[in-house]
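Visitor: return atomic coordinates for the entry below.
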Amino acid sequence: METNFSVLFHGKKNIAKNEKLITIYMRVTANSDRYVISTRRIVEASSWSKEAGKVKGNSEEAKNINSYLETLKHRAFQYQKELILEEKSISAKTFREKWKGIKEKSKLLLDIFRQHNDQVKALVRKDYAPATLTRYETTLKHTKSFLLSKFKQSDIDIKKLNFEFITEYEFWLKSVRKCNHNSTMKYIGNLKKITNKCVNNGWLVRDPFLGFSMAKKEVERIALSEQEIKTIAEKDFKIERLDQVRDIFLFCCYTGLAYADVKKLKRTEISTGIDGGQWIFTSRQKTDSASRIPLLPMSTEIISKYESHPQCVSENKVLPVLTNQKMNSYLKEIMDVCGINKNLTFHIARHTFATTITLSNGVPIETVSKMLGHKNLKTTQHYAKILDKKISDDMQNLRLKFSKQDH
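Guide: Residues are numbered from 1 along each chain as shown. Purely as a prediction, here's the structure:
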């Protein structure tokens with residue numbers, strides 16, 4: 001940003017000593033911001049030229065004082081150039097620090113990151129979800145490891161952040177931490193929020209992310225078909241743990257709950273809804289946003305099956321959910337037994353609810369978004385892209401219909 005910078009000299013009467021004498025002051029103006037400095041030079045008021053801002057005449061004293069004033073003026077403009085080269089904003093404050101030789105304390109990236117995370121932690125369940133804090137803490141940990149690995153230092157001055165730093169960090173996340181592209185972009189996105197804070201506070205003049213592409217790659221979301229859901233539901237499992245995991249997985253297929261949300265789901269979070277039926281009234285652990293989900297008959301049957309389960313009774317939980325690792329491990333066994341050749345994780349149940357159970361059956365995307373607890377409709381629209389197969393099937397049926405009419 002261009003700054004209006006000027007240096008002027010003016011005299012001020014020194015009444016305490018002598019009304020005929022004045023002290024010469026230098027006034028530095030950056031935009032409308034002023035810093036006034038005494039030159040410690042005193043002259044007779046009659047010898048001072050207000051218009052020229054210097055001592056009148058060619059006496060030895062006048063020459064010496066005017067030469068000194070020119071030196072001060074030159075020094076002031078030199079400091080202005082230095083501030084520009086240092087990419088600092090030019091104000092009365094920054095000029096004063098430069099004039100007095102006050103060195104600005106370096107602002108360190110990880111220090112600012114920790115302060116940011118402490119603020120997020122204090123506002124968890126108020127302005128932030130617990131998962132948000134976890135993501136920032138993980139990004140902080142990765143950034144710290146990157147600095148030690150790449151620069152052999154525990155922190156870095158934010159003024160050293162540039163485009164090269166960001167691209168090197170991206171490469172390190174992918175090559176050393178083995179993060180996929182989208183995970184890498186999430187971590188870098190969290191770092192960008194910290195640098196944005198630095199820019200907004202005036203600590204950084206230039207955004208180090210300028211020109212850096214944050215685009216994520218489109219991910220194919222897998223979901224189960226109606227036939228696959230039916231196969232899993234009708235399979236008779238002799239092993240209790242598989243039967244239990246199957247039921248919880250199907251419950252999530254019918255409700256859209258993620259693993260963390262079904263694990264914490266309490267019996268008190270199920271009550272009568274506006275239509276007189278049973279609804280889930282809960283909040284997503286990931287985003288802390290409200291979810292209101294009417295229960296389908298298949299869901300209520302599963303709830304009833306575990307009503308007397310010891311773990312559910314003692315913990316006031318709806319279902320006896322195991323650890324995520326065990327749930328995914330047993331789920332792979334279930335898929336093998338059912339002959340379903342898909343690389344599934346427990347989160348696929350949520351995708352299945354969004355596509356096969358709701359969108360494919362004509363439930364409006366706005367309604368699906370609300371039940372999933374999405375804060376942004378764009379998040380839900382990703383699921384709509386999976387429905388190409390349904391579009392293909394529907395159009396094929398239409399072709400057959402027109403074909404029969406022609407004959």
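
Visitor: domain ranges for this protein?
Guide: Residue ranges for the structural domains of the chain, counted by automatic domain parsing, are given in the record as 5-99, 109-200, 226-393.

Visitor: mind putting those domains into JSON lines with mean pLDDT and distance to K216?
Guide: In short, each C-beta sits where N, CA and C put it, glycine included. Shown next, in JSON lines, are the domains of the chain (pLDDT from 0 to 100; distance: least, CB to CB, whole Å):
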{"stretch": "domain 5-99", "mean pLDDT": "88", "distance to K216": "31"}
{"stretch": "domain 109-200", "mean pLDDT": "93", "distance to K216": "5"}
{"stretch": "domain 226-393", "mean pLDDT": "87", "distance to K216": "11"}
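
Visitor: so who does V363 touch?
Guide: With contact taken as CB atoms under 8 Å, 6 or more residues apart in numbering, V363 is in contact with no other residue.

Visitor: repeat the analysis, applying 10 Å as the threshold.
Guide: Applying CB atoms under 10 Å, 6 or more residues apart in numbering, we find V363 in contact with 354, 357, 371.

Visitor: quick revisit: among the domains of the chain, which comes closest to R206?
Guide: domain 5-99 (6.3 Å; CB to CB).

Visitor: for the domains of the chain, give me TSV that also has distance to F402.
Guide: Supplementary listing: the domains of the chain in TSV, determined by distance: least, CB to CB, whole Å:
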stretch	distance to F402
domain 5-99	68
domain 109-200	42
domain 226-393	15
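
Visitor: right, so of those, which gets closest to M214?
Guide: With distances scored as CB to CB, the stretch of the domains of the chain nearest to M214 is domain 109-200 (5.7 Å).

Visitor: for the stretch 101-250 of the chain, what spans make up the helices?
Guide: Listed in chain order, the helices of the stretch 101-250 of the chain (DSSP state H, counting those that start in this stretch) span residues 109-122, 130-151, 163-175, 181-200, 226-234, 240-255.

Visitor: tell me the most buried of those helices?
Guide: For the helices of the stretch 101-250 of the chain, the largest average neighbour count (mean count of other CB atoms under 10 Å) is found in helix 240-255, namely a mean of 21.

Visitor: that helix packs against which elements?
Guide: For helix 240-255, the contact count by 3 or more CB pairs under 10 Å, 6 or more residues apart in numbering; DSSP states H and E identifies helix 226-234, helix 259-264, strand 290-294, helix 297-305, helix 324-338, helix 348-352 as packing neighbours.

Visitor: nearest to S213, of the domains of the chain?
Guide: Proximity of the domains of the chain to S213 was assessed by CB to CB; the nearest stretch is domain 109-200, lying at 9.1 Å.
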